[in-house]
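Enquirer: Mind looking at a prediction? Sequence and model below.
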Amino acid sequence: MIQLFHINKNFGGKPAILDLNLKIRAGEFVFVTGPSGAGKTTLLRLIFGSDIPDSGQILINGINLSRINRSKLTFLRRKIGFIFQDFRLLPKKTVFDNVALALEVVGERANNIKKSTRQTLKLVGLAEKEKAFPLQLSGGEQQRVAIARAIVKKPLILLADEPTGNLDPILTQDIMVLFRSIHLKGTTVVIATHNQELMNNTALRKIPLQKGNIIDC
Amino acid sequence: MIQLFHINKNFGGKPAILDLNLKIRAGEFVFVTGPSGAGKTTLLRLIFGSDIPDSGQILINGINLSRINRSKLTFLRRKIGFIFQDFRLLPKKTVFDNVALALEVVGERANNIKKSTRQTLKLVGLAEKEKAFPLQLSGGEQQRVAIARAIVKKPLILLADEPTGNLDPILTQDIMVLFRSIHLKGTTVVIATHNQELMNNTALRKIPLQKGNIIDC
Amino acid sequence: MMNDSFVHLISLGTIIVSMLIFGTFLLLSFNIKTWLEDWGHSLTMAVYLEDDISLTNKDHIAAFLKSVPSAKIKRFISKDDAYRDLKIALGPHSDILEGLPNNPLPASFEVILDIHEANIDGFKKFQKKLESYKGIEEVQFSEDWSRRFEGMMNVVRYIGFTIGGCFCLCVLFIITNTIKLTLYSRSKEIEIMKLVGATDYFIRVPILIEGLIQGCLGGLLAILALYCGYLLLVTKKISFLSLAVLEFQFLPYEYWLSIFVISVILGLIGSMIAVGRFVNL
Amino acid sequence: MMNDSFVHLISLGTIIVSMLIFGTFLLLSFNIKTWLEDWGHSLTMAVYLEDDISLTNKDHIAAFLKSVPSAKIKRFISKDDAYRDLKIALGPHSDILEGLPNNPLPASFEVILDIHEANIDGFKKFQKKLESYKGIEEVQFSEDWSRRFEGMMNVVRYIGFTIGGCFCLCVLFIITNTIKLTLYSRSKEIEIMKLVGATDYFIRVPILIEGLIQGCLGGLLAILALYCGYLLLVTKKISFLSLAVLEFQFLPYEYWLSIFVISVILGLIGSMIAVGRFVNL
Ligand SMILES: Nc1ncnc2c1ncn2[C@@H]1O[C@H](COP(=O)(O)OP(=O)(O)OP(=O)(O)O)[C@@H](O)[C@H]1O
Ligand SMILES: Nc1ncnc2c1ncn2[C@@H]1O[C@H](COP(=O)(O)OP(=O)(O)OP(=O)(O)O)[C@@H](O)[C@H]1O
Ligand SMILES: [Mg+2]
Ligand SMILES: [Mg+2]
């Protein structure tokens, strides 16, 4: 369960998040929408603990982010998968190693790492690219590596920031199906996106952000 | 005028562009479409001269890319605006300096640089962000800086690689209007995109790529 | 990938070169120290012989002197030699010698004593033992340099330590900075690894091991290069300049072992300092 | 931005420290060379005076000796002093002096000649001029060290040049590598600038200017640091060790000017070499 109470976040005096209250239930699937600069990425970063709010409290599964130290935060993050808007792949590691890293840091056994990584790469359609380096991939391929790295560890919470910006409509649907299946296994999924197609034909909750706050539509 | 004759480009034995013949007339406005990994970026890079084909000839306004040296290529590039899929902004320069750079390298006068840069930033809706650094911007804002840098020098050819992947539908329409107005002033525009919305309601030519070649639809 | 090995090679090269500079300084100061000590710690002793000494006794004395490791007979000065030496020394006033009935000067052995380890007591004993030999008139030490020398050696040692310490700091600075720069070019990667959930430990350990390996390799190669340079220098010196006044020695093993150890420690400390900047923040 | 100044500070620091090491080496070798030369190039001359010399004439001679820049009166040895010296020198055999009617030794000036620039002819002239003074019995030079000394100085100079050259190369290596690393962390930016249409010239010039400025600054600060270190060392030496046998000099201006020039050149060459790697490819 993700809870935000009266969150404020300013950058150089300008508010990116403004007195935001939000509750996402465990196992929910929500979209965060809004125009460019609305604060979607900032919201996800706050939930991930990589940005610290100027004021307000954030609870993740009952844990108050402002009350835990760096090493506890690291352990909390291992349960969260984050698909970054700019991918954040390691340029000197292969696709396989980039995805496997998410399992290596938690000390998973080498056997399991190999199996899970291969499986996940197959899910996003990159089985053949496992030995390539990120800079040798197309934009959409890089994005799928980022997706694979976030879901390979079967996170409790999946935060996806514009996960289909570089994907064609068919792949977008495939990835959406993938997210739904992960969701069905119990993961809380939060997707920040502009993509109307992604949200078509779903009755899932949408959180429309504007200037750092939720607007009533 | 952009002409490609029997272009082949392999990466590690696998073809990214396969025997491609293409002619884009001066002043034309075309879309390059196709699934992820189809070769859209590679095609644009070949036209830009930052990738060299394994075989075949590319003519840009009658100049054969395989016959010119590095410094001539630099001068040719100054007439081409490229919006990179991954933005390629200079992280240590401000938004203003990133955009102004495109004019500085051609030795434009300081006055003109200031005026043109400000104007272009206003066009993409970033007038207020000119002093920010790229890493302080949202994904969509970064993308618009990349767009501004490509169009500020009023290029003869504009190559845009997925220029709206991080933009919301309204901004996407704004940018599309911008491209159309540039096109009306005589610039050849080539846009590689998955975005159906971008291509809706237009009778413009679409070049559907698949596995490195044009398919007949 | 290639880029990474480029960075590794550069920091390895920097370690090698830095340790080479440090080693060269050590080599030079070690040799200068040795030369000074040899010069300062050698005491000249004159063993004056009676005029009527028998050849056997003279040989006995010579044999005894040769048997003492720290003593070396520089030359034997016969009565005539001594007379000639004095005449030369007196220069234009040698006429004063002409007033003398016959040559009053005794023959003597000029002996160089190495007082590296020995102490004053040891020499007194040595002198007593010598004087017990038949045919010796007197044993005399030359002016005592050791006190004046001690002062100078202190200066030299002081300068050496100060500058050696500064060199160590400089080398640490250079190595740390190089490692910092290599990590700086990887700081984005480190950040990403932390975002993915890597502990500090997970990031630190490989970097420290890298620093350790680079320190080891760098130290070894620096010593090797130093030795090659030494050989080249010594060989060239002998072939070019026939006159080799000073013997140029290589560092004894304690020294080059310490170069190695210092290199390893610097590699490790360097990466520890550097890693602190990028992992903790 | 902050990160960039961090990189600049590191390469500036590396230049300073490298040049400091080089400067220290220069300072040491300059002083050692000076000491050796002072020792080797000083010739002792004895100016023996007639027994019945008038005080005026003696003063004239002293005044003349003082007026010659390359000569320095070490001490005046009176007849009595000379007698005592000889007695001490003869040691147990001083009884030979007792056979003499009265003190036959003359008084003398002991003069140290600096033969740095002078040649044999100059000294012959000097000797002639001296001997023309009234009251001088004879002028005598001590044993001639210069030939043996020349050989040793060649060795020292040879070692100094070789090692100095190696140091220069090492410093060049370190500086080049540091600049390479700083450019490596900016190689993506350089690539982007080229994609935007920047000429090599446009990219190169600022980097070269940067190297030049860093070389200038680094050289200046290194010389300053060296001078501070020198002052500290000299002050401490004087206060700690009352016995200052050797005079420790700072580098004359040609030397530290050359440190500056070398630093500037290294900064420039370093960035030229480094830039080649990233701009041309
Ligand atoms: N580190 C930062 N420093 C300064 N300003 C920032 C920083 N990060 C974000 N901002 C600003 O905060 C606002 C919200 O940014 P955010 O990245 O959350 O937007 P977003 O909703 O993700 O937009 P997009 O859809 O374009 O990615 C933007 O105006 C942005 O410029
Ligand atoms: N430098 C490279 N080295 C190796 N393979 C490459 C390289 N660049 C591109 N490729 C491969 O070539 C194919 C085409 O890539 P390209 O970037 O042109 O695709 P794209 O059409 O732009 O896809 P997307 O829509 O995902 O950006 C991909 O399979 C990619 O993995
Ligand atoms: Mg965003
Ligand atoms: Mg692409």
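Expert: Looks like it arrived, so ask away. Ligands and ions are numbered 1, 2, ... in the order given.

Enquirer: how about residue A:20, phi and psi?
Expert: The phi/psi pair for residue A:20 (degrees, to the nearest 10) reads phi -90, psi 130.

Enquirer: Next: residue C:77.
Expert: Recorded main-chain torsions at residue C:77 are phi -110, psi 110, according to degrees, to the nearest 10.

Enquirer: separation between it and residue C:49?
Expert: Going from residue C:77 to residue C:49 by CB to CB, to the nearest Å gives 10 Å. C-beta here means a position set from N, CA and C on the backbone, and glycine is covered the same way.

Enquirer: shared neighbours of the two, anything?
Expert: C:107, C:108, C:109 (CB atoms under 8 Å, 6 or more residues apart in numbering or on different chains).

Enquirer: Also within reach of chain D: list those from the residues you listed.
Expert: Residues of the shared contacts of residue C:77 and residue C:49 in contact with chain D (CB under 8 Å from any CB of the partner chain): none.

Enquirer: Make JSON lines out of these and add secondary structure and pLDDT.
Expert: Converted to JSON lines, those look like this (DSSP: H, G, I helix; E, B strand; the rest coil; pLDDT from 0 to 100):
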{"residue": "C:107", "secondary structure": "coil", "pLDDT": "85"}
{"residue": "C:108", "secondary structure": "strand", "pLDDT": "85"}
{"residue": "C:109", "secondary structure": "strand", "pLDDT": "86"}
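
Enquirer: Closest one of these to chain A?
Expert: Chain A lies nearest to residue C:109 out of the shared contacts of residue C:77 and residue C:49, by CB to the nearest CB, at 75.0 Å.

Enquirer: Quick check: the closest one vs residue C:125, distance?
Expert: 18 Å.

Enquirer: before we move on, back to that, arrange the shared contacts of residue C:77 and residue C:49 in JSON lines, one row each, with distance to residue D:194 as further columns.
Expert: Listed next are the shared contacts of residue C:77 and residue C:49 as JSON lines, based on distance: CB to CB, whole Å:
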{"residue": "C:107", "distance to residue D:194": "88"}
{"residue": "C:108", "distance to residue D:194": "84"}
{"residue": "C:109", "distance to residue D:194": "82"}
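
Enquirer: Centroid-wise, who is the farthest residue in chain A?
Expert: Computed with CA atoms, centre = their mean, the residue of chain A farthest from its C-alpha average is residue A:13, at 26.9 Å.

Enquirer: any idea how far that residue lies from ligand 1?
Expert: Residue A:13 is 10 Å from ligand 1, where distance means CB to the nearest ligand atom, to the nearest Å.

Enquirer: Per-residue pLDDT of that residue, please?
Expert: pLDDT for residue A:13: 89.

Enquirer: Can you name the residues in contact with the helix or strand encompassing residue C:261?
Expert: Per DSSP states H and E, residue C:261 falls inside helix C:253-275. Helix C:253-275 is contacted by residues C:15, C:18-19, C:22-23, C:26, C:30, C:168, C:171-172, C:175-176, C:178-180, C:182-183, C:203-204, C:207-208, C:210-216, C:218-220, C:222-223, C:226-227, C:250-251 when judged by CB under 8 Å, 6+ apart.

Enquirer: Can I get that helix in CSV, CA atoms only?
Expert: Provided in CSV are the C-alpha atoms of helix C:253-275 (Å, rounded to 0.1, in the frame of the first residue of the first chain):
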residue,chain,number,x,y,z
TYR,C,253,65.4,-6.0,-0.8
GLU,C,254,63.9,-4.3,2.3
TYR,C,255,63.7,-1.1,0.2
TRP,C,256,62.1,-2.5,-2.9
LEU,C,257,59.8,-4.7,-0.9
SER,C,258,58.7,-1.5,0.8
ILE,C,259,58.1,0.1,-2.6
PHE,C,260,55.8,-2.8,-3.4
VAL,C,261,54.0,-2.6,-0.1
ILE,C,262,53.6,1.2,-0.3
SER,C,263,52.2,0.7,-3.9
VAL,C,264,49.7,-1.8,-2.7
ILE,C,265,48.6,0.3,0.2
LEU,C,266,48.4,3.4,-2.0
GLY,C,267,46.3,1.5,-4.5
LEU,C,268,44.0,0.4,-1.7
ILE,C,269,43.8,3.7,0.2
GLY,C,270,43.5,5.6,-3.1
SER,C,271,40.4,3.6,-4.1
MET,C,272,39.0,3.8,-0.6
ILE,C,273,39.3,7.6,-0.6
ALA,C,274,38.0,7.9,-4.1
VAL,C,275,35.2,5.5,-3.6
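
Enquirer: Centre of the chain to the helix or strand containing residue C:193, how far?
Expert: In the assignment (DSSP H and E), residue C:193 maps to helix C:187-195. How far helix C:187-195 lies from its chain's middle: 48 Å, per CA atoms, centre = their mean, to the nearest Å.

Enquirer: how about that helix: buried residues?
Expert: If you call a residue buried by 16 or more other CB atoms under 10 Å in any protein chain shown, then helix C:187-195 has these buried ones: C:187, C:189, C:190, C:191, C:192, C:193, C:194, C:195.
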